[in-house]
Structure formats: C-alpha cells, structure tokens
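*Asks:* give me coordinates for this.
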Amino acid sequence: MAKQKPNGNFNMVATTLAGLEEVLAAELQALEMDYIKVGTRAVTFSGTLRQLYEANLWCRTAIRILKPIRTFKARNEKDLYEQVQKTDWSEYLDLDKTFAIDAAVSHSTFEHSLFVAQLTKDAIVDQFRKKTGERPSVDKNRPDLRLNLHMHENMVTLSLDSSGDSLHRRGYRLQTNVAPLNEVLAAGIIALTGWDKKSTFIDPMAGSGTFLIEAAMMAQNIAPGLYRRDGYGFERWKDYSEELFSMVWRTAEAKEKREPQAEIIGYDIDPDYVQAAKNNIENAGLENIITVKQADFFTTQAPSEHGVLVMNPPYNERILSDDINLLYKQIGDTLKNNYQGYDAFVFTGNLDAAKSIGLRASRRTPLYNGAIDCRLLKYELYSGSRRREEQAKEV
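*Replies:* Okay, the predicted model is just below:
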C-alpha cells in the first residue's frame, strides 16, 4: 500500500487544464491541504481520506483527484511488467470487479500510451491468474477501479483515480450549444477575473449558460460535486467509508447560501440558446439566482456602476461569424461606450480578430480551449471621471 503518514495523511495529485494550476492550488489551500506544490497541469498535495472526498466535491478547477500508490523506473517492457507486479493488486481489486487504465506517456522510450496501458493490464491480470486461476475483467466505460499511469521520461507513477468520471462533468447540463465551454475552464476563467462574488456578473454571449452557472455556484458557495449523478471512483474502493462521505456531503449542503449573493445576468441574441441556458439553469436549481434575457449585446447597457463582464465570443473555429473582425470591433466599441466602470474579460482563440477590439488589454492570460490556443484578455473600462484623471496624469 502507499505509505500513509501516522496522522492519516497521504499524497495526492489534482490534475487540471494548462494555465489553471495556481487557481487550483488556491482551492486546495482553502480546503487546508498540506504540502501544496504546483506542477504542469497538476498540483500535488497531501491530506486525509476526508480531504480526498472534499477535494472531489469542492474543487471547481480539478479534472481528477489521484492517489499515487507506487512510483518506479521502467527502462523497458520487462521492467514495466515486473514493477507493476510488485504491487499486490488484491489489496485494491477483487476478482469480480472490473478495472481500466488511463495512461499518459511523455518523453519516454515507450512511444504509445495504449501499449503501456495494455502491458500494465497484462501484468495485473497475470498476477490474479497465477494466484487464483481466474482474472478480473476490463471495463473501459464504467470500471469499479480506474487506475492512472503517468510516465515521464522513464519514471512511472501508478495512481488510483478517486474521481471516476472527469470532474468537469458536473451533471447540471441538459443541453449545450455548438461549442460549449468545459465547466472546469469556465470556473477557472471566473476565478482568474478576481470577481468578488458580490458585484454584478454579466455574460453577454451566454450560449448554454456555463459561465453564469459556474459564477452562481461560486457566489452561493455550492460545491460543484453536489450535482454529480454517477458517483465517484472512491465509492468503489475497498477503504471507502460511507459514513465519512455522507458527513462530507451533508457539510457541503449546509454551506450553501440560499439568498442571492450577487446580480448574475446573461444575454444571448439566439432564442434557442436562451432557452437552452434557462433549461440548464433550472436543472441546476439556480433560476432564482440568474437572469437570462434574449438581447443583442451591442444594444445593452451596464445595469450597475461596477461589475465584471466575461464573454467567449466566436473564434471562427467551430462557430462561424460573417465578418469576425467587424464582430470584435463591435465588441470593443460596446464595451468602451456602454460598460464604463466594469472589468471586461474576453476569452478568445482568434488572436488576430482580438486586435480589432481596439482597446488596450491590461492583462493577457494564455489558456487552451481543447486544442485551441486562447487568451483571456482583461480590459479595465474606466468611467468618465477616472479616465479624465488618467489622461491628466499622462499630460
């Protein structure tokens, strides 16, 4: 078994998307984890079984919470096979249970992650067959035990995947539009805006409502894991404590704020998207917190003096716009004229078109939307008096 410290602490890894590592580290800090260390698309930390359950329930920007059980060096196939067999797999897996292996390989003598996964599977199956004459089955879709193998150069880390299904699949989405935003990415973007969860929050191109729902969950202090329908990987582990998880779940439910904490508004020009967003919002039980209207962003006015506006306009990748540069120019004009006093954030994968916004970005954060290289651009839209002060300073 993995070494467990006397206080019940063990090491864990939370995986995330590129660019959200610091946001995730802050979330783990809020959950009072120990030894938090930021890596590439991952944050390592240590905690107890209760905290492993909490991380799955509360982390908005984690994709998976892994529990490493062994790390070893494997120079060739024989090494890998023998090292995998050094673990007593009956401690984690029964014959009548299914398992699956997700493998990720980088800078290694092994070129294919599928081959590595297959070899690992063979080593586990052969161990059972040798001891009992029988073998557990593989189920890639809904296994009882999901293992994660990470190989960098020739160092291998074998972990138990406590999440099961990816944590970005919150469970509240009934409908999405053509190019829905991953929930983890949406939550990460909102965290990067520094929104205080009290001032007005607007998404003027709301699509199926992902930004709005993630913002509302933050403002109301709702754990994203509470929407989960399919359960977690750890619920099928041998050391699963139903009593402990039930306590963690009830504690999360009790922390939700019932009264609306902030004004959260969404617009979309397409009535079908407005309906899709409303359906998702209702499914999340947030219809009293979020307002969605059919409106053309270019005709809207800021509903308050200050706030945060976040938008994910088309990039011309999957959603095509007639004239993308004109669209981005109109975005810039509308922000400048109608949203003074706001901090506006434009998340885009079309870096050329973004130049047409015509405003100076005070921050550019590199992120990815799937494989698309994107930027989160921040525009501080000073209100009249502030702008005059700035100009006076420049003179």
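
*Asks:* so where's the stretch 1-150 of the chain shaky on pLDDT?
*Replies:* Counting by pLDDT under 70, the stretch 1-150 of the chain contains low-confidence ranges at 1-7.

*Asks:* those strands in it, which residues are they?
*Replies:* 10-15, 34-38, 42-47, 64-73, 98-106, 137-138, 145-152 (DSSP state E, counting those that start in this stretch).

*Asks:* with just CA atoms, put the fourth one into PDB.
*Replies:* Output in PDB follows, covering the C-alpha atoms of strand 64-73 (Å, rounded to 0.1, in the frame of the first residue of the first chain):
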ATOM      1  CA  ARG A  64      -9.300  14.300 -11.400                       C
ATOM      2  CA  ILE A  65      -8.000  13.700  -7.900                       C
ATOM      3  CA  LEU A  66      -5.400  10.900  -8.000                       C
ATOM      4  CA  LYS A  67      -3.900   8.900  -5.200                       C
ATOM      5  CA  PRO A  68      -0.400   7.600  -6.100                       C
ATOM      6  CA  ILE A  69       0.300   4.100  -4.900                       C
ATOM      7  CA  ARG A  70       3.700   3.500  -6.500                       C
ATOM      8  CA  THR A  71       6.500   5.300  -8.300                       C
ATOM      9  CA  PHE A  72       9.200   3.400 -10.100                       C
ATOM     10  CA  LYS A  73      11.600   3.500 -13.000                       C
END
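
*Asks:* from the contact counts, what lies against that strand?
*Replies:* Applying 3 or more CB pairs under 8 Å, 6 or more residues apart in numbering; DSSP states H and E, one finds that strand 64-73 makes contact with strand 10-15, helix 49-58, helix 77-85, strand 155-161. For every residue, glycine as well, the C-beta is placed using N, CA and C.

*Asks:* show me what counts as buried in the longest one.
*Replies:* Across helix 49-58, burial judged by 16 or more other CB atoms under 10 Å covers L49, Q51, L52, Y53, E54, A55, N56, L57, W58.

*Asks:* so what's the gap between it and the chain middle?
*Replies:* Distance of helix 49-58 from its chain centroid, counting by CA atoms, centre = their mean, to the nearest Å, is 15 Å.

*Asks:* distance of the nearest residue to M151 once chain neighbours are set aside from F72?
*Replies:* Distances taken as CB to CB, 6 or more residues apart in numbering put V105 closest to M151, at 4.6 Å, once the chain neighbours are dropped. In this view, V105 and F72 are 15 Å apart by CB to CB, to the nearest Å.

*Asks:* quick one: which of the two has more around it?
*Replies:* V105 (20 against 16; other CB atoms under 10 Å).

*Asks:* that one reaches L119, doesn't it?
*Replies:* No: using CB atoms under 8 Å, V105 is not in contact with L119, being 11.3 Å away.

*Asks:* how far away is the closest residue to T16 other than its chain neighbours from A223?
*Replies:* Take T16 and drop its neighbours on the chain: the residue closest to it by CB to CB, 6+ apart is L24, 4.7 Å away. Using CB to CB, we find L24 at a distance of 15 Å from A223.

*Asks:* the more surrounded of the two?
*Replies:* A count of neighbours by other CB under 10 Å puts L24 above the other of L24 and A223, at 29 against 21.

*Asks:* what sits against the residue nearest to N350 when sequence neighbours are not counted?
*Replies:* Closest residue to N350 apart from its sequence neighbours, by CB to CB, 6+ apart: Y315 at 4.1 Å. When contacts are counted by CB atoms under 8 Å, 6 or more residues apart in numbering, Y315 touches I324, T348, G349, N350, A353, I372, C374.

*Asks:* name only those of the residues you listed that count as buried.
*Replies:* Buried residues within those, counting neighbours by 16+ other CB under 10 Å: I324, T348, G349, N350, A353, C374.

*Asks:* now do stretch 199-206: distance from first to last residue.
*Replies:* Using CA to CA, to the nearest Å, the end-to-end distance of stretch 199-206 comes to 18 Å.

*Asks:* and stretch 237-246, end to end?
*Replies:* First-to-last residue span, stretch 237-246, CA to CA: 15 Å.

*Asks:* could you do stretch 154-172 as well?
*Replies:* Using CA to CA, the end-to-end distance of stretch 154-172 comes to 40 Å.

*Asks:* in that stretch, what's buried?
*Replies:* Along stretch 154-172, these residues count as buried under the neighbour rule (16+ other CB under 10 Å): 154, 156-165, 167-172.

*Asks:* that one - what's its average pLDDT?
*Replies:* Mean pLDDT, stretch 154-172: 94.

*Asks:* starting at the chain centroid, how far to that stretch?
*Replies:* With CA atoms, centre = their mean as the basis, stretch 154-172 stands 12 Å off its chain's centre.

*Asks:* let's have the chain start at 10 instead
*Replies:* Sure, I'll start numbering at 10, so the last one becomes stretch 163-181.

*Asks:* what strand or helix carries the residue nearest the centre of the chain?
*Replies:* By CA atoms, centre = their mean, the mean C-alpha position of the chain lies nearest to V193, the distance being 2.1 Å. Using DSSP states H and E, V193 falls within helix 192-202.

*Asks:* over to L318?
*Replies:* Using DSSP H and E, L318 maps to strand 316-320.

*Asks:* what of Q284?
*Replies:* Using DSSP H and E, Q284 falls within helix 280-292.

*Asks:* residues touching that helix, excluding its own?
*Replies:* If you take CB under 8 Å, 6+ apart as the criterion, helix 280-292 is touched by 181-186, 215-219, 221-222, 225, 275, 277, 296, 299, 301-303.

*Asks:* among those residues, the buried ones, what's the PyMOL command?
*Replies:* In PyMOL syntax, the buried subset of the contacts of helix 280-292 is picked out as below (16+ other CB under 10 Å):
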select buried, resi 181+182+184+186+215+216+217+218+219+221+222+225+275+277+299+301
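
*Asks:* does V257 count as helix, strand or coil?
*Replies:* The three-state label given to V257 by DSSP: H, G, I helix; E, B strand; the rest coil is helix.
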